[in-house]
Every structure is written in C-alpha cells, then in structure tokens.
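Asker: Just the structure for this:
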Amino acid sequence: MHVFQHPEFDRHEQIVFGFDDVSGLRAIIAIHNTCRGPALGGLRIFPYANEDDALTDVLRLSRGMTYKSALANLPLGGGKAVIIADPKCDKTPALLEAMGRLVDSLGGRYITAEDSGSSEADMQVIARQTEHVSGLRKASGESGDPSPFTAHGVFFALRCAVRHGLGRQHLKGVRVAIQGVGHVGTHLARKLYAAGATLVVSDVNEAAAVQLANELGAEVVSPAEIFDVDVDVFAPCALGGVIDETVCERLKARVVAGAANNQLASPDAGRRLHERGILYTPDYAANAGGVIEVAWQLRRQGYRREAVMAHIERIEDTLDEIFQRARREHSPPEEIADRVAEERFKAQPHQAA
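Answerer: The predicted model follows:
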C-alpha cells in the first residue's frame, strides 16, 4: 500500500491507522484539511474486502467533507473515519470504546458523528471515551438522526435544480425517480409528495419500496430499471458511483439531484451529463443538511432549530450561484462547485497541527 501515491490521496494532512487487539478494532481516520477548523466527518462501519478498499473510501469521503463544509459556510474542515467490520455482527461496546480512544488521541483535530453502519447509540458509547463526538440527541433540541436534515436540504436543492434545469417554479406534476428509499430517501419522498411531485421509487429492499409506494401512490420499479424510467428528475439516494458513462446514456431525466455521496463514477461522467444537457446537482452541495445540523451542535452560542433549518435552506442560494456561474462559464456544475469550495477553504490561514 502506497498512501502518497494513492489515486484518492489529495494532500491529506493526516491519516491514522488504529488497531486494538482486545476489541478487534481495525480503523482508519483521514483528516483532509483543517484550514477552516477541525475536521468533521462521520464514522462508517463496513465489512470492506481489504484495507485498500477501506483506505480508498476514507480518503475520498474525507476530501468530500472538506468541500461540503466549505460550500455550506461552516467553520470546519473535512475528515472521515472507517472501521473494517460488519456492523450487524462485529459491533460491540468494546470496539466502539476503542474507536473513541483513537478519536481522542487526535486531540480535537477530528470530530466524529454517525454515518453508514453507525448510529446515535454508537456515538453515545464513543462519547464515553472522547468529547470529540457530535450527532447526539439532547434536551435542548439537537437531533441524533441527521437524515431528516439531509433530506430537507436535498429537497431545496432539487427544487432549485428544477427551476434551472426545467424552467419550472414549483414541483407540482414533476416526475421524480428516487433510487434508494432508506432514511434519507424516504424523508425526501414524503417532502416531494407533499409538494405535488409524482414519484417512481426503487430499492434493493423491495418490501421497503412497496411500502413507501403504497403510502405515497408511487410507482415501483426494480433497481435495474430505475435508470431507464421516463422522468424529469433522477434522485440517487443510495450508494455512490452509480452514474457512470453507461448510465449517462440511459438517463431520460433532464435533472439529477439526490442525496448519495460521490454520485459520479468519474469526472468523464459529469462532463457527459453536461454534454447531453442534463443538469447535475453537485452531491456535496445538495446533501449538506446533515452536517450543517451537526455543526450547529458544536456552536458555543447555542443550538436554535429555526436557525439550523434556515441555514440548511440556504443550500438553494448556494446552488443558484453555482448553476448561474456554470451557465456563464459553459462548465459542468460540479467543476464550478469545486472551484467555489476551494476559493473558500484555500483562502483560510492554515491552523497549526
């Protein structure tokens, strides 16, 4: 393994490998950039086939968090943590406490929170060993579940993309295909339904898709068919990397706006969407609602839910800027989003380690 030559290495400030013999912990923490503040990023627990796959994931995701925080105007940098384990059978209090000690060893340079494979309850266990954890439910109103906030931001992002890509000022009658109806996808589907959209849903868990479809009067298609349905908007809300060059040719939607991270399998896929006249909504701009809510939990001046929601809704303003600039410069929106984020975090003085 050659970290500095790794294709996903992007001048990361620090990469920490953690091992605990007693609990079986095998973990990696990647801190990408702390120019705007300490690195915030969730803890993903996943049974990676090998540590190379785990390293690839943590490097890519930590970089994305830097860009997400900068674009959301948060005083935070980007980081991520992964544990190589099956969350269904390997997750124990001892494992999580060992992870808490690893996080604590970084002295606040990295703040963890829940992510795929980890929960608020897991964060409570980690918090026994470190104060550098967020996403905990509190009496003052903070949520331990970021998914409603993520969905709220994606809703406003999608509405903005419909305005720019379809020239429509509302969502009534807009046909949306949602790929993945987990926590975020389900919350998003309900918001879209309430706004008058017509839905097509798909999930590897067919029962979950059917149950939601029955609730919202949606059409259900198989995971293999979701790319081919005749819709206005394609909303990827499952795993990343789903939009490759083949999918680019299959899509009938004129707008892509969803909650998944790293939706584009490659930069070429983004450029191909642009060539086809399909408006792509940069994922880390759209799905920042959860990290915005978590960041508000860290503010010394206190947590105010109405202010949190207002901050999340400003995702629409950010995307207005990105889409308008993309049109002026004849560039794909994801390239503009990267430039805007870099203008924000590269302009900050670097904090001492």
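
Asker: C-alpha from now on. contacts and neighbour counts both.
Answerer: Will do.

Asker: So what's the gap between the lowest-mean-pLDDT helix or strand in the chain and the chain middle?
Answerer: Using mean pLDDT, DSSP states H and E, helix 289-297 stands out as the lowest-scoring helix or strand of the chain, at a mean of 90. Relative to the centre of its chain, helix 289-297 is centred 12 Å away, using Cα atoms, centre = their mean, to the nearest Å.

Asker: just checking, what packs against it?
Answerer: Using 3 or more Cα pairs under 8 Å, 6 or more residues apart in numbering; DSSP states H and E as the contact criterion, the neighbours of helix 289-297 among helices and strands are helix 147-166, helix 305-313.

Asker: How about residues contacting the shortest one?
Answerer: Taking contacts as Cα atoms under 8 Å, 6 or more residues apart in numbering, the residues outside helix 305-313 that touch it are Gly141, Glu142, Phe149, His152, Gly153, Phe156, Ala288, Gly289, Ile292, Glu293, Trp296.

Asker: Throw those into CSV and include distance to His170 and neighbour count, thanks.
Answerer: Supplementary listing: the contacts of helix 305-313 in CSV, determined by distance: Cα to Cα, whole Å; neighbours: other Cα atoms under 10 Å:
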residue, distance to His170, neighbour count
Gly141, 31, 11
Glu142, 31, 20
Phe149, 21, 26
His152, 16, 23
Gly153, 16, 29
Phe156, 11, 20
Ala288, 22, 26
Gly289, 21, 30
Ile292, 25, 23
Glu293, 26, 28
Trp296, 30, 21
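
Asker: Out of those, which two are the most distant from each other?
Answerer: Maximum pairwise distance in the contacts of helix 305-313, criterion Cα to Cα, is 22.4 Å, between Gly141 and Phe156.

Asker: show me where the stretch 1-150 of the chain has strands.
Answerer: Counting by DSSP state E, counting those that start in this stretch, the stretch 1-150 of the chain has strands at residues 14-20, 25-33, 39-40, 43-46, 77-84, 110-111.

Asker: before we move on, what about the stretch 201-350 of the chain?
Answerer: 219-220, 233-236, 255-256, 279-280.

Asker: Those into TSV, with extra columns for mean pLDDT, mean neighbour count and distance to Pro332?
Answerer: Written out in TSV, the entries for the strands of the stretch 201-350 of the chain read as follows (pLDDT from 0 to 100; neighbours: other Cα atoms under 10 Å; distance: least, Cα to Cα, whole Å):
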stretch	mean pLDDT	mean neighbour count	distance to Pro332
strand 219-220	98	19	31
strand 233-236	98	27	17
strand 255-256	98	26	12
strand 279-280	98	25	8
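
Asker: Report how many residues lie close to Ser116.
Answerer: With neighbours defined by other Cα atoms under 10 Å, the count for Ser116 comes to 12.

Asker: That one: what's it in contact with?
Answerer: Taking Cα under 8 Å, 6+ apart, one finds Leu43, Arg44, Ile45, Phe46 in contact with Ser116.

Asker: Same check on Phe155?
Answerer: Phe155 makes contact with Leu188, Lys191, Leu192 under the criterion Cα under 8 Å, 6+ apart.

Asker: tell me the pLDDT at it?
Answerer: pLDDT for Phe155: 98.

Asker: what's the burial count for the spatially closest residue to Ala295 that is not a sequence neighbour?
Answerer: When the adjacent residues along the chain are set aside, Ala295 lies closest to Leu74, with 7.3 Å between them (Cα to Cα, 6 or more residues apart in numbering). Other residues within reach of Leu74, judged by other Cα under 10 Å, total 16.
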